[in-house]
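>>> Any chance you could fold what I've pasted below:
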Amino acid sequence: MNRRTLLSSCAGLAAAVVPGPLAPAAAARPGQGEPVRFQLPAPNGPYPLGTVALHLADTARPDPWVPSRPCRELMISIWYPARGGAARPTVAWMPPGAADRYLGLLGLPPGRVGLGDTHGREGAPVGGPPGPLPVVLYSPGADASRSFGTGVVEDLAGHGFLVVTVDHTYDAAAVAFPGGRVETNPPGGVSDHAKALAVRTADIRFVLDRLAVLRSAGHPGVCRTPLPAGLRGALDLRRVGMLGHSLGGATTAATMLADGRITAGMSLDGGAAGPVVDAGLDRPFLVVDTPGKGGMENNPALRAFWSRLRGWRLHLTVRGAAHRSFGDDVLILPLIGPLLGMSPPDLEEEVGTIPGHRAQAFQRAYPRAFFDLHLRDRGRLLDAPSPHFPEVDYAR
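Model prediction:
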């Protein structure tokens with residue numbers, strides 16, 4: 001797997017979502033000096049955060065990518081508002097085994113880059129507003145990890161949502177399982193994006209099934225990981241939303257067509273492919289894109305899908321953004337890009353000209369506004385363009 005393919009954690013559905021992997025990279029130039037450290041800025045929600053990682057196994061489905069494996073294994077993380085967990089450790093931004101493998105594949109030596117911790121306390125008791133919490137699922141881009149959406153996820157959880165992030169094994173660059181096992185995707189990354197979309201759709205539907213088991217007082221996982229106090233009663237599976245970046249956005253649309261349990265969907269610079277392009281959807285859907293080559297203007301499949309949306313819909317274009325402005329990449333890549341030989345134009349192609357703090361402000365405000373509106377029936381940010389976000393254009 002070349003390091004440009006790895007860096008292109010957003011690559012996927014080349015014709016339907018965005019262009020494919022980047023051009024071949026210059027050799028990584030780690031250099032000397034102090035380690036580069038990334039720390040995600042603190043969320044600003046009213047609630048502290050808790051999180052737990054669970055190992056799931058779909059025993060009814062052999063792994064589609066590795067047929068020798070008799071079942072499909074996934075790792076998920078559940079994020080939620082917490083209480084009384086200050087003494088518990090915060091979890092790493094990416095599980096250490098996956099982080100070491102990922103950075104090694106990029107050509108970065110051990111200790112050169114530190115990816116820091118999240119603000120989620122491992123296994124903290126569930127807190128937040130009274131009553132069950134609306135649930136949001138998150139699917140990352142191709143070759144990416146569930147970690148890459150942590151900034152968005154922390155904001156949602158800190159404002160009273162329960163968020164479930166999914167690693168799509170052998171599609172994600174590196175997935176760490178209990179016991180130290182790390183699974184990677186094949187050399188060159190995912191190339192059959194139609195298959196990936198079908199596999200991901202089945203993954204999300206299975207996760208929803210396991211959440212129903214959890215809600216019914218069963219344990220959803222393989223290893224019987226201790227569950228945080230209050231978690232079972234915290235899921236409101238009558239209010240379920242989903243969002244994803246790139247291929248994860250296409251996965252959101254495809255899964256909504258296949259499964260009516262998802263009330264509302266949001267795509268962060270993703271697209272549409274498969275039957276949903278012609279069928280459309282009758283539930284709320286928010287399309288976010290950039291003015292660049294992956295946007296609505298240059299994506300016939302996305303335009304067709306948009307024209308067949310029959311429920312509430314909104315199309316937001318973020319001026320100055322690029323494909324990787326919609327996750328933690330927009331903050332990480334400027335730190336590690338120079339170590340990988342990326343020039344300023346290379347970085348601009350990936351994360352755009354939008355300042356990182358403005359990209360993060362969008363990530364914190366708009367997903368929450370969408371799910372507030374459609375899962376809680378409140379909020380006005382999506383009614384019309386906001387003077388607080390002059391870079392965001394609205395179309396209906």
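
>>> contacts, neighbours, all on C-alpha from now
Fine.

>>> where does the stretch 251-396 of the chain dip in pLDDT?
Counting by pLDDT under 70, the low-confidence segments of the stretch 251-396 of the chain come to 293-294.

>>> Which stretches in this protein count as helices?
In the chain, the segments counted as helices under DSSP state H are 3-7, 96-105, 150-158, 193-215, 247-258, 276-279, 300-307, 329-336, 344-351, 356-371.

>>> In CSV, list the ones you listed along with mean neighbour count and distance to residue 394.
As requested, these are exported to CSV (neighbours: other C-alpha atoms under 10 Å; distance: least, C-alpha to C-alpha, whole Å):
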stretch, mean neighbour count, distance to residue 394
helix 3-7, 22, 30
helix 96-105, 19, 37
helix 150-158, 26, 21
helix 193-215, 19, 28
helix 247-258, 27, 19
helix 276-279, 19, 22
helix 300-307, 19, 14
helix 329-336, 19, 22
helix 344-351, 17, 21
helix 356-371, 20, 12
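
>>> Can you say which of these is nearest to residue 313?
Counting by C-alpha to C-alpha, residue 313 lies closest to helix 300-307 out of these; the figure is 8.3 Å.

>>> Contacts for the closest one, please.
By C-alpha atoms under 8 Å, 6 or more residues apart in numbering, the residues outside helix 300-307 that reach it are 16, 17, 271, 272, 273, 276, 277, 278, 279, 280, 296, 297.

>>> switch the cut-off to 7 Å
With contacts defined as C-alpha atoms under 7 Å, 6 or more residues apart in numbering, helix 300-307 is touched by 16, 271, 272, 273, 276, 277, 278, 280, 296.

>>> Just the CA coordinates for it, please, in PDB.
The C-alpha trace of helix 300-307 is given here as PDB (Å, rounded to 0.1, in the frame of the first residue of the first chain):
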ATOM      1  CA  PRO A 300     -24.000  13.400 -12.200                       C
ATOM      2  CA  ALA A 301     -24.900  10.600  -9.800                       C
ATOM      3  CA  LEU A 302     -25.100  13.000  -6.900                       C
ATOM      4  CA  ARG A 303     -27.300  15.400  -8.900                       C
ATOM      5  CA  ALA A 304     -29.600  12.500  -9.900                       C
ATOM      6  CA  PHE A 305     -29.900  11.400  -6.300                       C
ATOM      7  CA  TRP A 306     -30.500  15.000  -5.100                       C
ATOM      8  CA  SER A 307     -33.300  15.400  -7.700                       C
END
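
>>> so it versus helix 247-258, what angle?
Counting by axes from the mean of the first three to the mean of the last three C-alpha atoms, to 10 degrees, helix 300-307 lies at 40 degrees to helix 247-258.

>>> which outside residues touch stretch 369-376?
By C-alpha under 7 Å, 6+ apart, the list of residues contacting stretch 369-376 reads 134, 239, 241, 264, 378, 379, 381, 382.

>>> Let's see the pLDDT reported for the spatially most central residue of the chain.
When C-alpha atoms, centre = their mean is applied to the chain, the residue found nearest the centroid is residue 140 (3.5 Å). What the model reports as pLDDT for residue 140 is 97.

>>> Excluding chain neighbours, what is closest to it?
Closest residue to residue 140 in three dimensions, ignoring its sequence neighbours and counting by C-alpha to C-alpha, 6 or more residues apart in numbering: residue 248, at 4.9 Å.

>>> Report pLDDT for that neighbour.
Residue 248 is assigned a predicted lDDT (pLDDT) of 97.

>>> Repeat that for residue 185.
89.

>>> in stretch 49-60, what's buried?
Buried positions in stretch 49-60, judged by neighbour count with 16 or more other C-alpha atoms under 10 Å: 49, 50, 51, 52, 53, 54, 55, 56, 57, 58.

>>> same question but for stretch 77-93, I mixed them up
Applying 16+ other C-alpha under 10 Å to stretch 77-93 flags 77-83, 85, 89-93 as buried.

>>> ok, now which ones touch residue 69?
Residue 69 neighbours (C-alpha under 7 Å, 6+ apart): 62, 63.

>>> Repeat the analysis, applying 10 Å as the threshold.
61, 62, 63 (C-alpha atoms under 10 Å, 6 or more residues apart in numbering).

>>> Now list the buried members of the residues you listed.
62, 63.

>>> contacting residues around residue 211?
Per C-alpha under 10 Å, 6+ apart, neighbours of residue 211: 135, 164, 205, 217, 218, 219, 220, 221, 232, 235, 236, 237.

>>> Which member of these is positioned nearest residue 291?
Of all those, residue 291 sits closest to residue 164, with 29.6 Å by C-alpha to C-alpha.

>>> you'd agree the closest one is up against residue 77?
Yes - here residue 164 reaches residue 77: they are 5.7 Å apart, a contact under C-alpha atoms under 10 Å.

>>> shared neighbours, these two?
Common neighbours of residue 164 and residue 77 (C-alpha under 10 Å, 6+ apart) are 51, 52, 53, 138, 146.

>>> Any chance of those residues in CSV with distance to residue 390 as columns?
Listed next are the shared contacts of residue 164 and residue 77 as CSV, based on distance: C-alpha to C-alpha, whole Å:
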residue, distance to residue 390
51, 34
52, 37
53, 37
138, 27
146, 29
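
>>> show me what contacts the closest residue to residue 73 other than its chain neighbours?
Spatial nearest neighbour of residue 73, chain neighbours left out: residue 57 (4.4 Å); criterion: C-alpha to C-alpha, 6+ apart. With contact taken as C-alpha under 10 Å, 6+ apart, residue 57 is in contact with 63, 70-75, 206-207, 210, 220-223.

>>> Next one: residue 57 from residue 90, what distance?
Separation of residue 57 from residue 90 (C-alpha to C-alpha, to the nearest Å) stands at 26 Å.

>>> what does residue 349 give?
33 Å.

>>> again, but for residue 124
10 Å.

>>> Return every residue with contacts to both of the two.
The contact lists of residue 124 and residue 90 share 49, 50, 51, where a contact means C-alpha under 10 Å, 6+ apart.

>>> For the last one, list the residues it contacts.
If a contact means C-alpha under 10 Å, 6+ apart, then residue 51 has 77-82, 90-91, 118-126, 154, 157, 162-164, 227-228 as its contacts.

>>> Surely the residue nearest to the centre of the chain touches residue 153?
No - contact criterion C-alpha under 10 Å: residue 140 and residue 153 do not qualify, at 11.5 Å.
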